[in-house]
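**Student:** Okay, sequence plus prediction incoming.
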Amino acid sequence: MRVLLSTYDSRGGVEPLLGLAVALQTLGAEALLCVPPDEEFAERAADFGVPLVFFGESVREMNSAVTTWSEEDVRRRLLGLIDAQFDTIAPAAQDCDALLSAGLVWTGAGARSVADKLGIPYIYASYHPSHLPSTHHQPPEYAGRGMPSTEFDNRVMWNLNAQNINSAFGPTLNRNRAKIGLPPVGHLREYAYTDRPWLASDPTLGPWPKPADLDVVQTGAWLLPDERPLPDDLLAFLDAGTPPVYVGFGSMPLLGANDIGRTAIEAVREQGRRTLLARGWAGLDLIDDRDDCFVCGEVNQQALFARVAAVVHHGGAGTTTTAARAGAPQLVVPQGADQVYWARRVTELGIGTACDGPAPPLRSLSVALQAILTPETRAWARDAAREMRADGAAGAAKLLVDAVSREKPPASV
């Protein structure tokens with residue numbers, strides 16, 4: 001059995017698919033990943049023997065350049081991701097028994113078109129509840145903007161969301177579908193998500209709201225076991241004093257990154273704590289030569305977060321989940337999209353707090369850090385960690401294998 005797993009996303013969106021691919025390997029199935037052509041994805045996939053097919057532009061280059069592009073540049077590149085589903089993913093899926101797409105709704109619609117043309121099962125997966133339509137929450141583009149949040153208003157916003165998606169991406173999708181003999185799609189989001197999408201988030205950290213207005217299969221988060229040792233110089237810093245506060249913004253490019261890094265270090269110092277700064281895509285760096293700070297590259301967060309006093313981050317699904325599983329108090333500084341949802345969940349669970357992003361002032365960061373660097377928050381975080389599941393990828397892999405097996409005709413005897 002061979003499954004194609006596809007997404008156009010940064011590290012936080014690719015790694016869960018890699019976790020699912022490894023779980024599929026354990027069941028004797030083969031997984032092929034279709035992801036952006038970023039070198040770090042290839043390195044991680046090679047560690048687990050998972051083959052890759054690249055499509056689209058480098059997501060790192062796109063994230064870094066998007067602030068300088070015109071609206072037409074952004075639109076053209078996003079529409080190009082739909083074309084890539086037909087030009088690149090369609091050939092890659094030829095020998096596959098199923099296709100799973102995660103992330104962007106318009107790439108999901110293209111991926112489902114490929115699956116329909118090939119006559120193979122298609123599944124859409126989201127890493128967070130906020131991207132799936134529900135009267136319990138607003139669409140991501142409205143979150144945090146002071147909009148009303150009654151069930152009626154949320155329904156109106158989701159309807160507007162669907163109209164905007166159809167208008168922006170429908171013509172390109174349907175032009176490509178016509179080329180391969182498929183009829184046009186009228187409701188792109190509904191088509192991409194299907195009537196039974198999967199939700200790859202932990203039920204404790206990111207539950208699907210009830211009563212549900214969409215039939216969602218919540219599998220738990222797709223975790224990739226990380227056995228990499230921490231670098232010797234990082235271990236030496238950790239061993240040299242009290243647990244530091246981790247500050248990192250992952251794949252977010254961050255405008256004014258130097259100012260944000262300086263503010264964070266100063267806020268941590270006000271608490272009498274050491275700082276561990278993750279360079280990330282924003283290129284955060286030290287602000288002086290004092291020995292209470294250390295900067296690291298991409299490392300094993302699963303091992304690292306077990307040794308820090310708190311995690312200050314942007315609120316991506318992957319970082320939020322890893323910090324929560326480690327029982328580390330969190331301070332979320334959301335930069336947009338689903339990060340606003342995770343900031344709210346961290347606060348609601350009592351495992352941390354949040355600051356208004358994207359660049360809160362020193363006083364706000366300092367007060368927020370003071371609030372979470374307490375025994376009470378640490379206790380809440382550890383209690384939540386004990387409730388979280390580690391079997392999401394294994395369960396999803398079994399569901400996927402079972403779904404394909406049901407679709408296949410019985411073997412002849």
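**Tutor:** Yep, that arrived. Everything quoted here is computed from the prediction, not taken from an experiment.
**Student:** How about the contacts made by the residue lying closest to residue 358 once chain neighbours are set aside?
**Tutor:** Spatial nearest neighbour of residue 358, excluding adjacent residues (Cβ to Cβ, 6 or more residues apart in numbering): residue 335 at 4.7 Å. (Glycine included, C-beta is placed from N, CA and C.) Residue 335 sits next to 249, 252, 254, 314-315, 357-358 when contact means Cβ atoms under 8 Å, 6 or more residues apart in numbering.
**Student:** Can I get these in CSV including pLDDT?
**Tutor:** Converted to CSV, the contacts of residue 335 look like this (pLDDT from 0 to 100):
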residue, pLDDT
249, 89
252, 75
254, 60
314, 92
315, 93
357, 72
358, 78
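**Student:** how about those residues in CSV, adding neighbour count?
**Tutor:** Shown next, in CSV, are these (neighbours: other Cβ atoms under 10 Å):
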residue, neighbour count
249, 28
252, 26
254, 23
314, 25
315, 28
357, 21
358, 17
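**Student:** what's the farthest-apart pair in those?
**Tutor:** In the contacts of residue 335, two members sit farther apart than any others by Cβ to Cβ. They are 254 and 315, at 13.1 Å.
**Student:** Run through the protein and note the low-pLDDT ranges.
**Tutor:** 66-67, 141-148, 253-258, 408-413 (pLDDT under 70).
**Student:** domains of it?
**Tutor:** The record's domain parsing of the chain by automatic domain parsing lists 2-223+391-407, 232-387.
**Student:** start to end distance for the shortest one?
**Tutor:** It refers to domain 232-387. 32 Å (Cα to Cα, to the nearest Å).
**Student:** Check the longest one too.
**Tutor:** The stretch domain 2-223+391-407 measures 14 Å between its terminal residues, going by Cα to Cα.
**Student:** Which secondary structure state is assigned to residue 124?
**Tutor:** Under DSSP: H, G, I helix; E, B strand; the rest coil, residue 124 falls in the strand class.
**Student:** separation between the residue nearest to residue 360 when sequence neighbours are not counted and residue 59?
**Tutor:** The shortest distance from residue 360 to any non-neighbouring residue, by Cβ to Cβ, 6+ apart, is to residue 333 (6.2 Å). Residue 333 is 21 Å from residue 59, where distance means Cβ to Cβ, to the nearest Å.
**Student:** So for these two, which residue has more residues nearby?
**Tutor:** residue 333 (26 against 22; other Cβ atoms under 10 Å).
**Student:** Surely the more buried one touches residue 357?
**Tutor:** Yes: Residue 333 is within contact range of residue 357, at 4.8 Å (criterion: Cβ atoms under 8 Å).
**Student:** distance of the residue nearest to residue 360 from residue 346?
**Tutor:** Distance from residue 333 to residue 346, by Cβ to Cβ: 11 Å.
**Student:** One more: residue 181?
**Tutor:** Distance from residue 181 to residue 346, by Cβ to Cβ: 48 Å.
**Student:** residues near residue 163, how many?
**Tutor:** 13.
**Student:** what phi and what psi does the backbone show at it?
**Tutor:** Dihedral angles of residue 163 (phi, psi; degrees, to the nearest 10) stand at phi -60, psi -40.
**Student:** cool, residue 366 as well?
**Tutor:** Torsion angles, degrees, to the nearest 10, at residue 366: phi -70, psi -40.
**Student:** what's near enough to touch it?
**Tutor:** 266-267, 270-271.
**Student:** Could you export the residues you listed as JSON lines, including secondary structure?
**Tutor:** Output for those, formatted as JSON lines (three-state DSSP):
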{"residue": "266", "secondary structure": "helix"}
{"residue": "267", "secondary structure": "helix"}
{"residue": "270", "secondary structure": "helix"}
{"residue": "271", "secondary structure": "coil"}
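**Student:** Which one of the residues you listed sits in the busiest neighbourhood?
**Tutor:** residue 267 (27 neighbours).
**Student:** Closest to residue 55 out of the contacts of residue 335?
**Tutor:** Lowest distance from residue 55 to those (Cβ to Cβ) belongs to residue 252, with 22.5 Å.
**Student:** Hmm, residue 318 and residue 305 touching each other?
**Tutor:** No: assessed by Cβ under 8 Å, residue 305 is found out of contact with residue 318, at 11.5 Å.
**Student:** So between the two, which is more surrounded?
**Tutor:** Remark: of residue 305 and residue 318, residue 318 carries more neighbours, 24 against 21, as counted by other Cβ under 10 Å.
**Student:** helices or strands next to the helix or strand that contains that one in the packing?
**Tutor:** For residue 318, the enclosing helix or strand under DSSP states H and E is helix 317-325. Under the contact definition 3 or more Cβ pairs under 8 Å, 6 or more residues apart in numbering; DSSP states H and E, helix 317-325 sits against helix 11-26, helix 301-304, strand 310-313, strand 330-332, helix 339-349, helix 375-387.
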